[in-house]
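*Asks:* give the three-dimensional model of this entry:
(2 chains)
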Amino acid sequence: MSANAKRAAWEEKPTVGGQALKGASIIVIALLILFPLYTIALTSLSSSETVNRVGGLVVWPGDGITFEAYEQMFRNPVVLRSLLVSLGITAVGTTISVVVSILGAYSLSRPGSFGHRTVLFSVLLMFVIFPGLIPVYLWVSAIGLRDNYLAMILPMAVSAFNVVVLRAFFMSLPQELFDAARIDGAGEFRVLWQIVAPLSKAVIAVVTLFYAVAYWNNWFNAFLYLDDTSKWPLALVLRTYVVESSPLPQASGLSTAPPTLAVKMAIVMIAIIPALIIYPFVQKHFKKGVIIGAVKG
Amino acid sequence: MSARLKRDWPLLLMAAPMMLLVWGFWWIPALGNVIAFQDYKPYTGGIFGSTIVGFTHFQLLFADPAFTRALVNTLSITAFQVVFYFPVPIALALLMHSLVSERLRSMLQSVVYLPYFFSWVLVIAIFQQMLGGAGLLSQTLRANGFEGVDWMTNPDTFILLVTSQAIWKEAGFGAIIFLAALAAIDPNLYEAAAVDGAGRWRRLWHITLPGIRPVIVLLLILRLGDALNVGFEQFFLQRSAVGSQASEVFDTFVYYSGVRTGDFDYGAAAGLFKGVVGLVLILAANKAAHLLGERGVYSKS
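*Replies:* Next up, the predicted model:
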């Protein structure tokens, strides 16, 4: 890869000092982000003896790798169940959100249609007017969603931002395509499914990632609405167990020993890993400016 | 009209699930803000049977030192972050844009965007492990005969802590919009300037910065319009560690005065106050953007 090939002829030769400074800042920035992740991962893979000897997070490799902490973590029924809850909520919630948002955004991409303005304002005003925590809390409790998994999905199922991102992309597609399809007798659902959706894979991927991350990371709705701790998602377990260092509700009888640092770090890793797996598949789209178009529009 | 309805009913059907969710979990609960003007009795009165007390709760709010503190904390954190957080994504974007090697730039982008997808719980857990009393920094200091530090529980440095957390988590992703603005600058301008003898700093000053000025102004105004929002989770999660003196912001005040103590009407009043002032600020900010000749967030269509 010849980096200099892309430098324009009129540009000055880079100075040594400038290049060194730039290189140093890149290394520092990358380390600030990656080093904590590295040491947390290494600690989660270390034996309890190693962690005790070091007296905290393990920085230097060389003491061998063991899945001891992960085995311990999965033997804890509270953690295991919360992981399944989180996976379930994320899968169901993301599916609902993506389908509802695509349908809604498509209907919003057709100005002048019946009821268009009402729908558009219902969504756009969400950017500036918020119902507030207390009224939503009272309402969700009043309609009987306490201790219901749906309380973790429905209040956050539609993100106005994601709908607007999708709508902006749909509207940027060449409208002649749709007209041609309609002349051929295709209904709106077919136009959406057979023409719009295949052309919008990138933006749908990005929106799916945003929704999935929001569900996976959410603990506050569970904290507000789920009194039954057996329904807790992983994020809330992480908050209670790792951040607050409080014992887990039902675990007291089962695991008498306090959680070791390695187990804590294993839980942190489990919470990070899904993002690490999906992220590479989606992040290339950020550079294509999928989001930017909508932010500007 | 019936012809349009007949033609457009599939579109309405498509919008129906979204409308159901948006009205059912946003606009209908929004009406519940009337309890801010009531002596709300959740069990005996409910929203329809409670007495109306007008602006009593709002008067009490302004006499409540905890509310004033939340207001002061929120505004100082916003002001602090406008100075110390806001320039970071711009600097990052300039750095990434200046990299000639496509591959290096792409790798750096992947790394700096990543923390945006972590939850606040994770970010705080990570900071705890690095800078907390039992964290890596203290551990290293103690191993070398120094005294350990605990930045996670120190109210005096809390504003620095939350700002560095915000930078760590969000500055990278925030650079995207500036990168797009940088990419939109006409490269011929640079060439012409270079031919006329402008060095790289003069090009930065006379071409690059004016080129991204509209985006900078827009985002700055938006941030000021959003001054009452500093994030809820980040402060809620660290409130027990540093104490409410330093960490109470608007949103945590609403939660603690409303949900936690059960004074729903009082908490709703605090939330409504924030919502109304926030709305006015956003509208004012947008107006300001228009007056300065920028496009703003929305314009009359």
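
*Asks:* and the residue lying closest to B:Met152 once chain neighbours are set aside, what are its phi and psi?
*Replies:* Taking C-beta to C-beta, 6 or more residues apart in numbering or on different chains, and ignoring the residues beside it in sequence, B:Met152 has B:Gly132 as its nearest neighbour in space, at 4.2 Å. Using the backbone N, CA and C atoms, a C-beta is placed for each residue, glycine as well. Note on B:Gly132: its backbone torsions stand at phi -70, psi 180 [degrees, to the nearest 10].

*Asks:* hang on, isn't B:Gly132 packed against B:Ser138?
*Replies:* Yes. Counting by C-beta atoms under 8 Å, B:Gly132 touches B:Ser138, with 7.2 Å between them.

*Asks:* overlap in contacts, the two.
*Replies:* Taking C-beta atoms under 8 Å, 6 or more residues apart in numbering or on different chains as the contact criterion, the residues that touch both B:Gly132 and B:Ser138 are B:Asp150.

*Asks:* just list the residues touching residue 22, thanks.
*Replies:* Since no chain was named, I'll use chain A. When contacts are counted by C-beta under 8 Å, 6+ apart, A:Lys22 is found next to B:Leu95, B:Ser98, B:Leu99.

*Asks:* that's the wrong chain, I meant chain B
*Replies:* With C-beta under 8 Å, 6+ apart as the criterion, the residues that contact B:Val22 are A:Ser122, A:Val123, A:Met126, A:Val158.

*Asks:* which non-adjacent residue is nearest the third one?
*Replies:* Once its chain neighbours are removed from consideration, A:Met126 has its nearest residue in A:Ala160; the separation is 3.9 Å (C-beta to C-beta, 6+ apart).

*Asks:* equivalent analysis for the first one, please.
*Replies:* If you skip the residues right next to it in sequence, A:Ser122 has B:Val22 as its closest partner in space, 5.3 Å away by C-beta to C-beta, 6+ apart.

*Asks:* returning to what we had before: out of the contacts of A:Lys22, which are close to chain A?
*Replies:* Restricting the contacts of A:Lys22 to those adjacent to chain A (criterion: C-beta under 8 Å from any C-beta of the partner chain) gives B:Leu95, B:Ser98, B:Leu99.

*Asks:* circling back to that earlier point, turn the contacts of B:Val22 into CSV, columns for distance to B:Pro214.
*Replies:* Formatted as CSV, the contacts of B:Val22 follow (distance: C-beta to C-beta, whole Å):
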residue, distance to B:Pro214
A:Ser122, 30
A:Val123, 26
A:Met126, 25
A:Val158, 30
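
*Asks:* need these in a markdown table (columns: distance to A:Arg75, secondary structure and pLDDT).
*Replies:* Compiled in a markdown table, these are given as follows (distance: C-beta to C-beta, whole Å; DSSP: H, G, I helix; E, B strand; the rest coil; pLDDT from 0 to 100):
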| residue | distance to A:Arg75 | secondary structure | pLDDT |
| --- | --- | --- | --- |
| A:Ser122 | 48 | helix | 94 |
| A:Val123 | 46 | helix | 94 |
| A:Met126 | 44 | helix | 92 |
| A:Val158 | 39 | coil | 96 |
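
*Asks:* which one of the residues you listed sits in the busiest neighbourhood?
*Replies:* Within the contacts of B:Val22, neighbour counts (other C-beta atoms under 10 Å in any protein chain shown) peak at A:Val158, which reaches 27 neighbours.

*Asks:* isn't A:Tyr211 up against A:Ser159?
*Replies:* Yes. The pair formed by A:Tyr211 and A:Ser159 meets the contact definition of C-beta under 8 Å, at 7.0 Å.

*Asks:* more neighbours, those two?
*Replies:* For A:Tyr211 against A:Ser159, the residue with the higher neighbour count under other C-beta under 10 Å is A:Tyr211, and the figures read 23 against 17.

*Asks:* how about the more buried one: what's its closest non-neighbour residue?
*Replies:* Nearest residue to A:Tyr211, sequence neighbours excluded (C-beta to C-beta, 6+ apart): A:Ser97, at 4.4 Å.

*Asks:* and that neighbour, helix, strand or coil?
*Replies:* With DSSP: H, G, I helix; E, B strand; the rest coil as the basis, A:Ser97 sits in helix.

*Asks:* overlap of the contact sets of A:Tyr211 and A:Ser159?
*Replies:* Applying C-beta under 8 Å, 6+ apart, one finds that A:Tyr211 and A:Ser159 are jointly contacted by A:Ser97, A:Ser101.

*Asks:* tell me which element residue 284 is part of?
*Replies:* As the question left the chain open, I've gone with chain A. Using DSSP states H and E, the element containing A:Lys284 is helix A:261-287.

*Asks:* correction: the question concerned chain B.
*Replies:* Secondary-structure element containing B:Ala284, defined by DSSP H and E: helix B:264-291.

*Asks:* which residues are in contact with A:Asp228?
*Replies:* Each residue near A:Asp228 by C-beta under 8 Å, 6+ apart is listed here: A:Asp147.

*Asks:* which element is the spatially most central residue of chain A on?
*Replies:* Most central in chain A under C-alpha atoms, centre = their mean is A:Val213, positioned 1.3 Å from the mean C-alpha point. Using DSSP H and E, the secondary-structure element containing A:Val213 is helix A:201-217.

*Asks:* and the angle from that helix to helix A:261-287?
*Replies:* Using axes from the mean of the first three to the mean of the last three C-alpha atoms, to 10 degrees, the interaxial angle of helix A:201-217 with respect to helix A:261-287 works out to 160 degrees.
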